[in-house]
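Student: Model the structure of this input:
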Amino acid sequence: MKPVIARENSLFPIVILCLISELCFLFLSNDSSEGSSPNHLSENKVSVFQIEPDQRGGKAYKLRYLVQVPIDVYWKFKTDFDNDFLVRNKYIREHHFISRSGDKAITEDKYANAQDVFFRWETTMFQDIYKLEFVLLNPAQCGQNFHYGFIQMESVAEGTRVTQVAYFDFWGASLWADYPWGGGMEDFLTYTAQWEQKLVLNIKSRYTGESSKQRE
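Tutor: Residues are numbered from 1 along each chain as shown. Next comes the predicted model:
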């Protein structure tokens, strides 16, 4: 799942955030160097860092977490674009598979805080290196200037280490990224990662051997 924040009319009260944004920034984990990222993640550990943004502006993050399934199983899970499980996430209202051609897939998602617009994503798959690259195809319609990134998977003894990096820019992006409480970037990404950690364990039988065709 690609975390998304909606247009400005769906953000927190801007007047309040403007007053406290500097204080909020002090409490958010902020890191732009690879050296401070953990080499090993515990079962439920989720790490969120702010990193150097796109040269055009906006914000960027690095999200890291561990899923306790083999990398081949996790790859099948992440590339199951025509699925019925994304709507179990509390932030996603609708998910639609549009098309797939070669190593590219198009999907559309409608989010809880942007219920009047579909976000159309293009995902490019690099199976040989277990990497997905995603880009928002209709940023203007979604109130954004740009939104893109990648998901890199790595096989480890505990399962699969996931690193997601995204670059985005929209009105209020800095306020959202620096907000340390519920609804801010760190809270949103942590929820999403923990939700996925549990989900993939519950449905992994879909992606193992003959049972990979089964549906709950």
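
Student: for the protein, what spans make up the strands?
Tutor: 46-50, 59-67, 92-101, 104-111, 114-126, 131-136, 144-156, 159-170 (DSSP state E).

Student: What residues of the longest helix seen in the chain count as buried?
Tutor: The longest helix of the chain (DSSP state H) is helix 185-203. Neighbour-count burial for helix 185-203 flags 185-186, 188-193, 196-197, 199-200, 203 (criterion: 16 or more other C-beta atoms under 10 Å). To be clear about C-beta, it is placed using only N, CA and C from the backbone, and glycine gets the same treatment.

Student: Which one of the residues you listed is nearest to residue 77?
Tutor: Within the buried residues of helix 185-203, the smallest distance to residue 77 is 5.3 Å, found for residue 200 (C-beta to C-beta).

Student: If I follow the layout properly, the closest one ends up in contact with residue 67?
Tutor: Yes. Applying C-beta atoms under 8 Å as the test, residue 200 and residue 67 come out as touching, 5.3 Å apart.

Student: which neighbours do these two share?
Tutor: By the contact definition C-beta atoms under 8 Å, 6 or more residues apart in numbering, residue 200 and residue 67 are jointly contacted by residue 74.

Student: how far out from the middle of the chain is stretch 137-146?
Tutor: Here the centre of stretch 137-146 is set off from its chain's centre by 17 Å, with C-alpha atoms, centre = their mean, to the nearest Å.
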